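**Student:** Sequence below, structure please.
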Amino acid sequence: MDFPSRIYTEEEVKKARQLIEEGHKHVFKVEGSAAFKQKVATAIELVKIAGCYDFLRTYVRLIKEIDGLTQLRQAEAAIWANKYTVENQVDAASVFIQKAHQMQEYLEGKLYYGGAAEKRSYEKRIEFLKTLKTKTQDEKVKEECRRILNMWKEGSLIY
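**Tutor:** Alright, predicted model coming up:
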């Protein structure tokens, strides 16, 4: 059974969920300029270091460069990202994990948007940064994880 080309109807969501439960992993693709692809590739290496690559490719099949707002496209199992999102590869990697988590909740039939869902997805992003900080050997990556985590901590009062 092939993974649905789009995941929009109840039947398509059910089929996608069934395939994921059976262990389906997407053949991961990146579309965009050479610079965008290189920055995404670096961010994906960080996802791999954190041990989250299988999670990412379970729920996301494509990261596509766009000239607009970064967003999860649930019906396509894709992340549309602008060049600014991938400028900081540590942050980009955490965004990719956040969006994969939102896609997971979408397929599980959970409310994947709104206040409580946003809080869960940000918590997943923070968890990823903590894991990456622990697993990486690169001091610059560790420092960037610390910096971003500190920014999240200082801004956590909004929740």
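**Student:** need the contact list for the residue sitting nearest the centre point of the chain.
**Tutor:** By Cα atoms, centre = their mean, the chain has its centre lying nearest to Phe96, at 2.1 Å. Residues in contact with Phe96 (Cβ atoms under 8 Å, 6 or more residues apart in numbering) are 43-44, 47, 56, 60, 63, 79. C-beta: built from backbone N, CA, C; applies to glycine.
**Student:** Equivalent analysis for Tyr113, please.
**Tutor:** Per Cβ under 8 Å, 6+ apart, neighbours of Tyr113: Gln102.
**Student:** what's the answer for the one 5 residues further on, then?
**Tutor:** Glu118 makes contact with no residue, according to Cβ under 8 Å, 6+ apart.
**Student:** how close does it get to Leu132?
**Tutor:** Glu118 sits 21 Å away from Leu132, going by Cβ to Cβ, to the nearest Å.
**Student:** ditto for Ile49
**Tutor:** As defined by Cβ to Cβ, Ile49 lies at a distance of 6 Å from Leu132.
**Student:** The closest residue in space to Glu108 that isn't next to it in sequence: how many residues sit nearby?
**Tutor:** Closest residue to Glu108 apart from its sequence neighbours, by Cβ to Cβ, 6 or more residues apart in numbering: Arg17 at 7.1 Å. Residues within reach of Arg17, counting by other Cβ atoms under 10 Å, total 17.
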